[in-house]
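# take a look and give me a structure for this.
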Amino acid sequence: MKNRFAKKLILALLIPFLFLPTSCKKGYFDTVPDNINTIDKVFSNRANTERWFFSLYAGIQDIWDQPYGYQYAGTCDELEYANWGTGNALTINSGAVTSDNSPTRFETYYQLIRNINIFLERVDECKELLEQQNGESIVKEYKGEARFLRAYYHWLLMKEVGPAAIAPLVSGLPNDNFQIPRSSWDECVKFVLNEMRASEASLTSLHLTGSNTVDDYQVGRITIPIAAAIEAQILLAHASPLFNGNSEFADWKNFDGKQLFNQTYDPTRWTAAAEAMKRAIDLNAAQGHKLFIKQNANLFLQGFNSTRDMFWDGWKEEGVWLRRATNVHSGWSQHCAPKNSLSGNGWNGIGVLQELVDDFRMENGRGIKETPSYNETTFTNTATPYYSAGTNNMYVGREPRFYVDVTFSGAVIPVVPAAGQTYVTYYSTAASGKKANARDYPKTGYTARKNIHPNTNLSTGSNPARPAMLIRMAELYLSYAEALNESQPGHADVLKYLNEVRTRGGIPAIPADLGQAEMRKQIRLERRIELCYESGIRFWDVRRWKIPDEMGSKQGGDFYGMNIDAGTSLSDPAFYKRVVATTRVLWQRKFYFLPYRQNEMDRNKQIVQLPGY
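All right, here's what the predicted structure looks like:
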């Protein structure tokens, strides 16, 4: 790391940095270059100082910039991307990751951490900023957010590489010693949480305008309720089997023999996680955050409308941490939209794996294997607002979120349709099928549908704007239920918070506690369905639970879909056969994390590599 930091110290003085634009179409998560080229010029001017500050948010990824940017959903048992040569997803799924091509973003995180150090060291030099009305309070908030972000980028680094080399908390000089070994996982967590909690003293609970109303343009800036939610996420992971008494990594040690993973299970971690989740829920509830519900006497319609529309009508209520700018149009909606939706402009290739399709429940809340009437060999004669007559009965009578999240053959078109088009077909000879498209077809016979606004018009580029919800209340509810079920099984809040998410989703509540093991199963399934495609949650969940090689959550081997090489009509039985849609490398222990790239290990001789690489 020594040479890398030395090089980047020089680059920091020479290359352009990022600033907050004035257009409301972007924001501090998406920044553009300025022509300032020395540190002194930055911190002698208020505008330049604030541009530097807002650029510190640049490492927070856009969760809807799929498939090329944010690829976690395509590297777990949720999605399979089309034949687009989709970079990191292909590398990970094929098992081709090495220490030379590791897709970790560690360099981005370390550079941002160093930029934060510079900001914290130099911001008080900006007299122009301090002399503004409430200047000292503004600087205090900026410092608090910067300090939190520094810890947060360490956390993102840990999620990628495991026990990490903690970067210096000063900007450093070229001759400083940057030979830094990995800290143990427990040490990393302690460092990150201590920094985050300390930063809260300088944070606000809400960003307001001069007229004392909520400032929507400041959406996404770290506040105390956001900080509490992220801290709770960390504690939930820390309590989970991957990090709590994990003997599978007993051989992962530093060169001096230091153990990087604790070997003793600590049940009190679940208690700490539950308390932190409840604190996060309460703090966000005090700001008016709650599950977004479009009330309807019909439970199914309430579930459908609520879970579909929350992404554009409900983010102010449900969203805990938001990303104002998001590439939801061309990065997500267009890649998901079927070819026969509008003059061939849909790119038709973010396919949903059959394993996820099968996990969506029936309307009565039961699984397909628990429902005797479930049928895959017959076809309905009845059209509904969700599918056409002639649709296979395997898609009939499913829970509302199935129709919100999955586009299947017979489903109504998810965007503004072309003239004469009403429903989607993925059989072999269909307009959206394999024979009609060289590479723009879903390998599974399904495409993703969640967060696609029905007024999206691919011919005009119209797509109603909305921020991305990086964390939302439903996640906190389910995380709280999980932690409480592990620490206090039978506690009334487990059932309460799980059922609030279930009933908002349009399925009946679980009537009584089912015992710890069954409740664990139900909570995990609810996370699988409610949070699918979002924020890499599923990718992370199966790893922290240590179940990536178990049936029902496997992360390697054969994955299934419909037979896209067959069928000539919507009701052709030949299409509705489970076949292998894609085969990924079988799970190996080393896939829990990504390796540091070899160039970093050549610079920092103290880093011991992840076993298996």
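
# can you tell me the closest non-neighbouring residue to residue 570?
residue 390 (4.6 Å; CB to CB, 6 or more residues apart in numbering). Every residue, glycine included, has its C-beta placed from N, CA and C.

# likewise for residue 499?
Nearest one to residue 499, counting by CB to CB, 6+ apart, is residue 509 at 4.0 Å.

# ok, now residue 256?
Counting by CB to CB, 6+ apart, the residue nearest residue 256 is residue 181, at 7.6 Å.

# which residues does the one you found contact?
165, 254-256, 258, 606-608 (CB atoms under 8 Å, 6 or more residues apart in numbering).

# read off the pLDDT value for the residue nearest the centre of the chain.
Closest residue to the average C-alpha location of the chain: residue 535 at 0.6 Å, with CA atoms, centre = their mean. Predicted confidence (pLDDT) at residue 535: the value is 97.

# touching, it and residue 471? I think so.
Yes. Between residue 535 and residue 471 there is a contact under CB atoms under 8 Å: 7.3 Å.

# overlap in contacts, those two.
By CB under 8 Å, 6+ apart, no residue touches both residue 535 and residue 471.

# can you pull out the strands in this structure?
All strands of the chain, identified by DSSP state E, fall at 18-19, 32-33, 79-81, 319-323, 350-352, 406-407, 447-448, 468-472, 557-561, 579-584.

# including mean neighbour count and mean pLDDT, could those strands go into a markdown table?
Shown next, in a markdown table, are the strands of the chain (neighbours: other CB atoms under 10 Å; pLDDT from 0 to 100):
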| stretch | mean neighbour count | mean pLDDT |
| --- | --- | --- |
| strand 18-19 | 20 | 32 |
| strand 32-33 | 12 | 44 |
| strand 79-81 | 27 | 97 |
| strand 319-323 | 23 | 97 |
| strand 350-352 | 29 | 98 |
| strand 406-407 | 25 | 98 |
| strand 447-448 | 30 | 98 |
| strand 468-472 | 26 | 98 |
| strand 557-561 | 18 | 98 |
| strand 579-584 | 16 | 98 |
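
# would JSON lines of those with distance to residue 526 be doable?
Below are the strands of the chain laid out as JSON lines (distance: least, CB to CB, whole Å):
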{"stretch": "strand 18-19", "distance to residue 526": "38"}
{"stretch": "strand 32-33", "distance to residue 526": "40"}
{"stretch": "strand 79-81", "distance to residue 526": "19"}
{"stretch": "strand 319-323", "distance to residue 526": "18"}
{"stretch": "strand 350-352", "distance to residue 526": "18"}
{"stretch": "strand 406-407", "distance to residue 526": "17"}
{"stretch": "strand 447-448", "distance to residue 526": "19"}
{"stretch": "strand 468-472", "distance to residue 526": "14"}
{"stretch": "strand 557-561", "distance to residue 526": "22"}
{"stretch": "strand 579-584", "distance to residue 526": "25"}
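
# closest to residue 267 out of the ones you listed?
strand 468-472 (25.8 Å; CB to CB).

# keeping just the C-alphas, turn the closest one into CSV.
Provided in CSV are the C-alpha atoms of strand 468-472 (Å, rounded to 0.1, in the frame of the first residue of the first chain):
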residue,chain,number,x,y,z
ALA,A,468,-33.3,4.4,-5.2
MET,A,469,-34.1,3.1,-1.8
LEU,A,470,-30.8,1.7,-0.5
ILE,A,471,-32.4,0.8,2.8
ARG,A,472,-36.1,0.7,3.4
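
# any regions of the protein where pLDDT drops low?
1-37, 209-212, 341-344 (pLDDT under 70).

# can you give me the domain assignment for it?
1-55+97-199+595-605, 204-325+468-546, 329-465 (automatic domain parsing).

# now distance to residue 77 too, for those, in CSV please.
Output for those, formatted as CSV (distance: least, CB to CB, whole Å):
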stretch, distance to residue 77
domain 1-55+97-199+595-605, 18
domain 204-325+468-546, 7
domain 329-465, 5
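
# can you count the residues close to the residue nearest to residue 499?
13 (other CB atoms under 10 Å).
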